[in-house]
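Asker: take this sequence and fold it.
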Amino acid sequence: MTNKIFMVMTFSGVPLSIIGTLMNWSNILLFFLYCITIIALASYMGRATESLAIVAGPRIGGLLNATFGNAVELIISIFSLKAGLVGVVLASLTGSVLGNLLLVAGLSFFVGGLKYKRQEFNIYDARHNSGLLMFAVMIAFVIPEVFSMNLTKSKTLTLSIGISVILIFLYLAALFFKLVTHRGVYQHERETEEREEPEWGKEKAIAILAIATSIVAYISEHLVHTFEFVASTFGWTELFIGIIIVAIVGNAAEHASAVLMAYKNKMDIAVEIAIGSTLQVAMFVLPVLVLISLFFEKSMPLIFSWQELVAMASSVLLMVVISNDGESNWFEGLTLIAAYVIMGIGFFLS
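Answerer: Numbers count the residues shown, from 1 in each chain. A predicted model of the protein is given here:
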């Protein structure tokens, strides 16, 4: 039933989005139409991810979902940078970190925990990811802010470029570690599960992911142009739009996929999507955007506001404490969601 609803939303939303763009419909109407269409397309990305995870394993499936999902955010951010909306980009990436760690993981733990009293996931991956999260946010994000106080703009940008290159290198090294040199070394021991049949074959699933991402990219380009009008109409700040609205829409694929996996008690995939996507944003997407911004009129240094840094650091610490035992339940999920709501209220009022 749910798949049929998303199918109707997709096959009506995509043509309506194109028609509305060509006919210059109201920016408010287009904003909500674009958001709904992107969320509907995310359901296809989620189903494709599940098929890939069955065929290739939870790590590859989760990584592909995070990559295609973050491709949407990367595309939105590039168009935003081109438009000179550096603040929106930094805010949306902050929102992505908060959204994945608190909202996506929180909803996954909560929904899965309502069905199962206790759910397990790979404790070794959780600890490995915890170290990378601490490094990315507590070191790579805080250091530029601290040193930029005594640096000129050009030197701050140089520092940001250096840190970005290091982050990209370390992220690629982490993938090599998990998927090549130490693949299977830290295997999660659990009872043998029944062999599932994927809904789609590998080639079809990858094709659907690629097509859905391409359509989302087109819609996202036009979504960016509605931000300023929507902000002025509803009285939303640039910070709130970036951290809450753009992040939720951009991460719709991860939201849908992770919660679905948790409901089916596939916590390794759910956690890989939520935390793996966060790491990809912090250690790859953001550094790449810093380098890409050098080709635009307005460059983007790796400098966040203190509110953004404190929010991200708090989210990382909370996730590390909750996930390091390799288990989850509905109450831990509710705790993460509550933290997200509190931060959302703060950013809305700021």
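Asker: just the residues contacting stretch 170-178, thanks.
Answerer: Counting by Cβ atoms under 8 Å, 6 or more residues apart in numbering, stretch 170-178 makes contact with 59, 63, 125, 128, 132, 135, 279-280, 283-284, all of which sit outside it. Backbone N, C-alpha and C define where each C-beta goes, glycine included.
Asker: can you list phi and psi of Met23 for me?
Answerer: Main-chain torsions, Met23, degrees, to the nearest 10: phi -100, psi 10.
Asker: highest neighbour count among the contacts of stretch 170-178?
Answerer: Met283 (25 neighbours; other Cβ atoms under 10 Å).
Asker: in contact with that one, which residues?
Answerer: 132, 136, 140, 167-168, 170-171, 174.
Asker: what about the strands in this structure?
Answerer: 119-120, 327-328 (DSSP state E).
Asker: hang on, the earlier thing: from the contacts of Met283, which is closest to Asn265?
Answerer: Leu132 (25.6 Å; Cβ to Cβ).
Asker: circling back to that earlier point, now the contacts of Met283 as CSV including pLDDT and distance to Gly346?
Answerer: Output for the contacts of Met283, formatted as CSV (pLDDT from 0 to 100; distance: Cβ to Cβ, whole Å):
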residue, pLDDT, distance to Gly346
Leu132, 89, 26
Ala136, 87, 22
Ala140, 86, 24
Leu167, 93, 27
Ile168, 93, 31
Leu170, 93, 31
Tyr171, 91, 29
Ala174, 88, 31
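Asker: wait, which of the strands of the chain is closest to Met7?
Answerer: That would be strand 119-120 among the strands of the chain, by Cβ to Cβ, at 29.5 Å.
Asker: partners of the closest one, with directions?
Answerer: With DSSP bridges as the test, strand 119-120 is paired with strand 327-328 (antiparallel).
Asker: tell me how far the residue lying closest to Leu64 once chain neighbours are set aside lies from Phe348.
Answerer: Closest residue to Leu64 in three dimensions, ignoring its sequence neighbours and counting by Cβ to Cβ, 6 or more residues apart in numbering: Leu52, at 5.5 Å. Note on Leu52: its distance to Phe348, by Cβ to Cβ, to the nearest Å, is 36 Å.
Asker: with Asp268 instead?
Answerer: Counting by Cβ to Cβ, the gap from Asp268 to Phe348 is 34 Å.
Asker: looking at these two, which is more packed in?
Answerer: Asp268 (22 against 14).
Asker: now do the same end-to-end measure for stretch 243-256.
Answerer: Using Cα to Cα, to the nearest Å, the end-to-end distance of stretch 243-256 comes to 19 Å.
Asker: circling back to that earlier point, okay if I get the contacts of Met283 as TSV plus distance to Ser220?
Answerer: Shown next, in TSV, are the contacts of Met283 (distance: Cβ to Cβ, whole Å):
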residue	distance to Ser220
Leu132	27
Ala136	24
Ala140	26
Leu167	24
Ile168	23
Leu170	28
Tyr171	23
Ala174	27
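Asker: among these, which are in helices?
Answerer: Secondary structure defined by DSSP state H assigns 132, 167-168, 170-171, 174 of the contacts of Met283 to helices.
Asker: would you reformat those residues as JSON lines and include distance to Gly235?
Answerer: What follows is the ones in helices among the contacts of Met283, written out as JSON lines (distance: Cβ to Cβ, whole Å):
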{"residue": "Leu132", "distance to Gly235": "38"}
{"residue": "Leu167", "distance to Gly235": "35"}
{"residue": "Ile168", "distance to Gly235": "38"}
{"residue": "Leu170", "distance to Gly235": "40"}
{"residue": "Tyr171", "distance to Gly235": "38"}
{"residue": "Ala174", "distance to Gly235": "41"}
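Asker: in stretch 43-57, what counts as buried?
Answerer: 43-54, 56-57 (16 or more other Cβ atoms under 10 Å).
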